[in-house]
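no sequence for this one, just the structure:
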Ligand code: PBG
């Protein structure tokens with residue numbers, strides 16, 4: 001027998017030598033929730049081990065992130081008051097803006113990405129302003145651009161629009177440029193599907209829509225050609241990084257988009273993916289550590305350059321210990 005594939009699997013030294021996918025903490029982003037109020041660190045029921053922090057306590061979390069070796073966080077805001085048009089999103093004293101000013105001053109070594117969306121700030125929970133029952137695309141796009149500029153003014157290093165309105169990347173790029181932020185990158189949630197995997201996040205952020213669903217703006221999970229078109233539009237509008245979301249069940253979409261465009265591509269392994277592993281492990285059905293390592297490595301194998309995950313801190317530890325690499 002000339003070829004014996006098992007030869008290269010015969011020791012750990014050899015397996016790690018011929019490994020095709022390398023995993024590094026440099027590519028991880030940790031999503032975290034900041035909430036209006038004081039002295040808050042409250043666990044999110046559906047996401048054991050994940051918390052909402054008030055600004056005065058967010059340092060506890062940022063220190064854990066820094067100590068783990070993860071270099072970047074993505075911030076989500078939970079405001080104390082919401083209104084019809086989500087004005088808290090672009091308020092210069094809004095939760096994200098204040099959190100950014102604090103975190104950038106105290107922990108400047110981290111890289112700060114903000115999620116740009118309206119759903120945490122609107123009283124109806126939709127990702128934009130309403131015209132009757134319809135989410136008004138073009139009015140929402142103006143407000144998103146305003147929100148993105150306010151985040152960058154407060155210190156955001158990168159903005160990530162997650163609303164799925166048409167034309168928002170171009171509008172954000174042009175508003176950022178007009179304000180002199182020509183070097184602030186935009187990471188577009190390009191192929192973001194209307195997904196049940198966001199269930200735990202909506203509990204975490206209190207952002208479930210009060211009527212209907214998000215299917216008129218987020219993508220239909222039966223589609224993949226459409227994801228390629230969406231990513232192409234975002235690139236044409238100036239996206240520096242494109243994203244696929246959710247992760248685990250959408251790796252075909254990631255693979256195809258990465259093959260097609262070859263630009264930096266992020267994958268968001270979302271709340272439901274985190275909760276599934278946590279729940280299955282707590283029942284003793286699976287080994288938590290191994291599940292976290294395997295799913296993350298598979299996401300990189302499928303083409304992710306950047307992985308946004310609630311397991312980022314744990315993963316960085318597993319990488320250090322050589323459990324994946
Ligand atoms: C805001 C937003 C959501 C997520 C990221 N940004 C929720 C949604 O679209 O309903 C989901 C993240 C997760 O589930 O971890 N639009």
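That came through, no problem. Just so it is clear, the structure is predicted and the values come from calculations on it, not from any experiment. Numbering: from 1, shown residues only.

contacts, neighbours, all on C-alpha from now
Will do.

Looks to me like residue 159 is in a strand.
Yes. Counting by DSSP: H, G, I helix; E, B strand; the rest coil, residue 159 is found in a strand.

So it sits against residue 111, correct?
No. Distance between residue 159 and residue 111: 11.2 Å, which falls outside the contact criterion (Cα atoms under 8 Å).

between these two, which one's more packed in?
residue 159 (24 against 17; other Cα atoms under 10 Å).

mind listing what that one touches?
For residue 159, the set of contacting residues under the criterion of Cα atoms under 8 Å, 6 or more residues apart in numbering consists of 113-116, 148, 151-152, 184-187.

how about a cut-off of 10 Å?
Residue 159 sits next to 74-75, 112-116, 147-149, 151-152, 172, 184-188 when contact means Cα atoms under 10 Å, 6 or more residues apart in numbering.

Any residues of the protein in contact with the ligand? List them.
117, 119, 162-163, 198, 201, 270-271 (Cα under 6 Å from any ligand atom).

In a markdown table, list those along with neighbour count.
Converted to a markdown table, these look like this (neighbours: other Cα atoms under 10 Å):
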| residue | neighbour count |
| --- | --- |
| 117 | 28 |
| 119 | 26 |
| 162 | 24 |
| 163 | 26 |
| 198 | 18 |
| 201 | 19 |
| 270 | 22 |
| 271 | 24 |
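
Contacts for stretch 277-287, please.
The list of residues contacting stretch 277-287 from outside it, by Cα under 10 Å, 6+ apart, reads 46-49, 272, 275-276, 288-289, 291-292, 295.

Of those, which belong to strands?
The subset of the contacts of stretch 277-287 located in strands under the criterion DSSP state E comprises 47-49.

Make a PyMOL selection of whichever of those residues turn out to be buried.
The following PyMOL line selects those of the ones in strands among the contacts of stretch 277-287 that are buried, judged by 16 or more other Cα atoms under 10 Å:
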select buried, resi 47
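
Tabulate the residues of the chain next to the ligand in CSV, adding columns for pLDDT.
Rendered in CSV, the data for these read as follows (pLDDT from 0 to 100):
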residue, pLDDT
117, 97
119, 96
162, 97
163, 96
198, 97
201, 96
270, 98
271, 98
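
thinking again about what came up before, which among the contacts of stretch 277-287 gets closest to residue 5?
For the contacts of stretch 277-287, the residue nearest residue 5 by Cα to Cα is residue 295; the value is 23.6 Å.

could the contacts of stretch 277-287 be laid out in TSV, adding pLDDT?
Formatted as TSV, these follow (pLDDT from 0 to 100):
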residue	pLDDT
46	96
47	98
48	98
49	98
272	98
275	98
276	98
288	98
289	98
291	98
292	98
295	98
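
May I see the PyMOL selection of the buried members of these?
Buried members of the contacts of stretch 277-287, defined by 16+ other Cα under 10 Å, are picked up in PyMOL with:
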select buried, resi 46+47+272+275+292+295
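
can you pull the contacts of residue 195?
Taking Cα under 10 Å, 6+ apart as the contact definition, residue 195 lies against 213-215, 218-221, 245-246, 270, 272.

and those as CSV, adding secondary structure and distance to residue 104?
Putting those into CSV (DSSP: H, G, I helix; E, B strand; the rest coil; distance: Cα to Cα, whole Å) gives the following:
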residue, secondary structure, distance to residue 104
213, coil, 35
214, coil, 33
215, coil, 36
218, coil, 32
219, strand, 34
220, coil, 37
221, coil, 37
245, strand, 27
246, coil, 28
270, coil, 25
272, helix, 29
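
nearest to the ligand, of those residues?
Using Cα to the nearest ligand atom, residue 270 is the member of those that lies nearest the ligand, at 3.5 Å.

In this structure that closest one contacts residue 193, no?
No. Checked against Cα atoms under 10 Å, the pair residue 270 and residue 193 is beyond contact range at 11.4 Å.

joint contacts of these two?
Here residue 270 and residue 193 share the contacting residues 245-246, scored by Cα under 10 Å, 6+ apart.

Touching stretch 100-108 from outside, list them.
Under the contact criterion Cα under 10 Å, 6+ apart, stretch 100-108 has outside partners 55-56, 58-59, 62-63, 66, 75, 93-94, 96-99, 109-114, 151-157.

Before I go, just wanted to say thanks for your time.
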